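Participant: no FASTA, just this:
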């Protein structure tokens, strides 16, 4: 990623307290900014899986308009869903 | 700035997707949700029940200060958080995108189940560093318990929207939906 550090800092300073807390949790760095944790965050298994799914759907031509994640209701093959799933899927952010 | 301070004195919409109560942790919050709904109905909040979450958009006749959405899902796409333009229904994963992108609400608060806290934080952090979505500053992710216990104190809830989300419904989430519907019916009978 190539992001202007000053703009990013300005953005960070504009966040509300809850947003800042969430960001810190996401970085797993607590009060201290931790580059290594961020790197791990971006490479997390969950993120990798999400991106893999997106890429495979795009490759398969099922998301011509940059559409939704797999359970977002646009599967062209009418992908079946159980009528009463035990737990909602995680991927419909 | 703390979100509960910002929200105090402002007017918005409380959205409750029954699938928020999918897991046991959240089902323990049902009494809190019932208390909140009863309190706001007593203050003349309007309440609507629908199957699909996107119907919430029809309820917001004019821009509001906030939408607080108790939901298992954030209702947006990862691509949106990473900079894509907002999409509109019938894309099911577009509620947040529509609310923020069309300025129907100044701030959107996703009140998430406890089990999704780490997911929310990771995705928010990755979107922050991608720095391609200016609307991210108007998106908040807080725990459902915090939203029910504290966040809305001092706010005005103009409308409450409850949806069943049949695609994710279970016997447990339907039971919560029915309890809220009974509560609304009782309030209407008293009026």
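Facilitator: Arrived safely. In this text, all values refer to a predicted model and were calculated from it rather than measured experimentally.

Participant: going by C-alpha atoms from here, please, whenever you check contacts or count neighbours.
Facilitator: Will do.

Participant: check contacts around the closest residue to chain B within chain A.
Facilitator: As assessed by CA to the nearest CA, chain B sits closest to residue A:26 within chain A, at 4.1 Å. Neighbour list for residue A:26: A:38, A:41, B:118, B:120, B:121, B:122, B:123, B:124, B:125, B:126 [criterion: CA atoms under 8 Å, 6 or more residues apart in numbering or on different chains].

Participant: cool, and residue B:165?
Facilitator: Contacts of residue B:165 by CA under 8 Å, 6+ apart are B:17, B:18, B:19, B:51, B:52, B:53.

Participant: so where is the chain shaky, pLDDT-wise?
Facilitator: Went with chain A since none was named. For chain A, applying pLDDT under 70 flags the ranges A:1-3, A:29-93.

Participant: my question was about chain B
Facilitator: Ranges of chain B meeting pLDDT under 70: B:90.

Participant: residues in it within reach of chain A, list them.
Facilitator: Residues of chain B lying close to chain A (CA under 8 Å from any CA of the partner chain) are B:1-3, B:19, B:22-23, B:72-79, B:91-93, B:118, B:120-126, B:128-131, B:137, B:140-142, B:167-170.

Participant: TSV for the contacts of residue B:165, including secondary structure and neighbour count?
Facilitator: Below are the contacts of residue B:165 laid out as TSV (DSSP: H, G, I helix; E, B strand; the rest coil; neighbours: other CA atoms under 10 Å in any protein chain shown):
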residue	secondary structure	neighbour count
B:17	strand	25
B:18	helix	28
B:19	helix	28
B:51	coil	14
B:52	coil	15
B:53	helix	24
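
Participant: quick one: which of these is nearest to chain A?
Facilitator: Out of those, the member with the shortest distance to chain A (by CA to the nearest CA) is residue B:19, at 7.5 Å.

Participant: which parts of stretch B:7-27 are buried?
Facilitator: Neighbour counts over stretch B:7-27 (16 or more other CA atoms under 10 Å in any protein chain shown) mark B:7, B:10-23, B:26-27 as buried.

Participant: repeat that for stretch B:162-175.
Facilitator: B:162, B:163, B:164, B:165, B:166, B:167, B:168, B:169, B:170, B:172, B:173, B:174.

Participant: doesn't the last one fall inside a helix?
Facilitator: Which is residue B:174. Yes - residue state for residue B:174 (DSSP: H, G, I helix; E, B strand; the rest coil) corresponds to a helix.

Participant: report how many residues lie close to residue B:120.
Facilitator: 22 (other CA atoms under 10 Å in any protein chain shown).

Participant: likewise for residue B:190?
Facilitator: With other CA under 10 Å as criterion, residue B:190 counts 7.

Participant: try residue A:7
Facilitator: 11.

Participant: now for residue B:182, how many residues are close by?
Facilitator: 12.

Participant: are we agreed that it is in a helix?
Facilitator: Yes - inclusion of residue B:182 in a helix is indicated when three-state DSSP is applied.

Participant: and it, what is it in contact with?
Facilitator: Contacts of residue B:182 (CA under 8 Å, 6+ apart): none.

Participant: that one and residue B:45, how far apart?
Facilitator: Relative to residue B:45, residue B:182 is positioned 16 Å away (CA to CA, to the nearest Å).
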